[in-house]
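K.L.:
This is a predicted model, with the sequence first.
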Amino acid sequence: MPELPEVETIKNELLNWVVGQSFIQADILDNKLVHDNSVEEFCNRLIGQKIETLERRGKYLFFYLSNGQSLIMHLRMTGALLLNPGEIDRYARAVFHLSNGTQLVFSDRRRLGIVWLDNAQSVIDKLGPEPLDERFTPAVLEQALARHQIPIKAALLDQSIVAGIGNMYADETLFAAVIHPLRTTDTLSDKEIGTLCQAIKKVLNTAIDSKGASVDTYIRPDGQQGTAQSGFKVAHRKGESCLTCGTSIERITVRNRGTYFCPRCQPETT
DNA sequence: CACTTTGTTTCCAC
DNA sequence: TGTGGAAACAAAGT
């Protein structure tokens, strides 16, 4: 479930604990967590490295290491990074020990997350623009959308078009922008793209202010849950009343993704 | 057992 | 080669 706001929250809460510290030990409890490299090679390359900076791009978390490589974490659905938890729960897949005594526990109920060591740039190069960057303007969004003729919902989920938006925030964004999820990118007016650009920033920033969301699985590094889900207006609200007009929220499938919207506020035709 | 959840990958048609 | 769409896959909950 960690999408951009969740990963940003994790980054912010870990920042002061990890930057400047070194990895002194890594207990890999689930070998499947380590992508590409063998566990042994992974640990050998990681141990002793100092963390220069911590950064988020899209849904990825990067620990920039002193050797120029990065420890890259992709939390996917249920991955969480816990800061000095009292005990190691049964969902823990790895425990990272830092030089200041900090323990980072990668906990992941469905074991879908992955970590690996690589050049951060090779991952970032595949991502579209960062929606919270001030350089992310309607013109940038328009250019990113112009190469495609696909439903706008699918476009928002394509990480090479815009980085960091997942299924729930895509629905929230389209509701805020008053755009039907099946409208294709080539039918959007300049005005609608401007509204959409604003909606993306607003929805993501609001969620970050709420310290991240998710329906039930997102856990912050301090073990607390985020609260943004209580602010969801359409996501996972099938059959409930639209908070704007009272119409029953509908659920359709777009690109095999559950998609929630208000049929009255977000008409398919303009 | 069927279906849902999210994000990515793989496969296929054009 | 690129583009779009469908399906597969991961794991666990209902």
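P.N.:
Arrived safely.
K.L.:
The longest helix along chain A - contacts with which helices or strands?
P.N.:
The residue-count maximum for a helix in chain A (DSSP state H) belongs to helix A:190-209. If contacts are counted by 3 or more Cβ pairs under 8 Å, 6 or more residues apart in numbering; DSSP states H and E, helix A:190-209 sits against helix A:4-18, helix A:138-146, helix A:167-177. For every residue, glycine as well, the C-beta is placed using N, CA and C.
K.L.:
which of these sits most buried?
P.N.:
Comparing the helices and strands packed on helix A:190-209 by mean neighbour count (mean count of other Cβ atoms under 10 Å), helix A:167-177 ranks first with a mean of 25.
K.L.:
Leaving out sequence neighbours, find the closest residue to residue A:195.
P.N.:
residue A:177 (4.8 Å; Cβ to Cβ, 6 or more residues apart in numbering).
K.L.:
what about the one you found, distance to residue A:122?
P.N.:
32 Å (Cβ to Cβ, to the nearest Å).
K.L.:
before we move on, the earlier item: from the rest of the structure, what touches the next helix or strand after the longest helix of chain A?
P.N.:
Next helix or strand after helix A:190-209 toward the C-terminus (DSSP states H and E): strand A:250-254. For strand A:250-254, contacts defined as Cβ atoms under 8 Å, 6 or more residues apart in numbering pick out A:151, A:153, A:154, A:181, A:182, A:238, A:258, A:259, A:260, A:261, A:262, A:263.
K.L.:
Now list the buried members of these.
P.N.:
By neighbour count, with 16 or more other Cβ atoms under 10 Å, these hold A:151, A:153, A:154, A:181, A:182, A:259, A:260, A:261, A:262 as buried.
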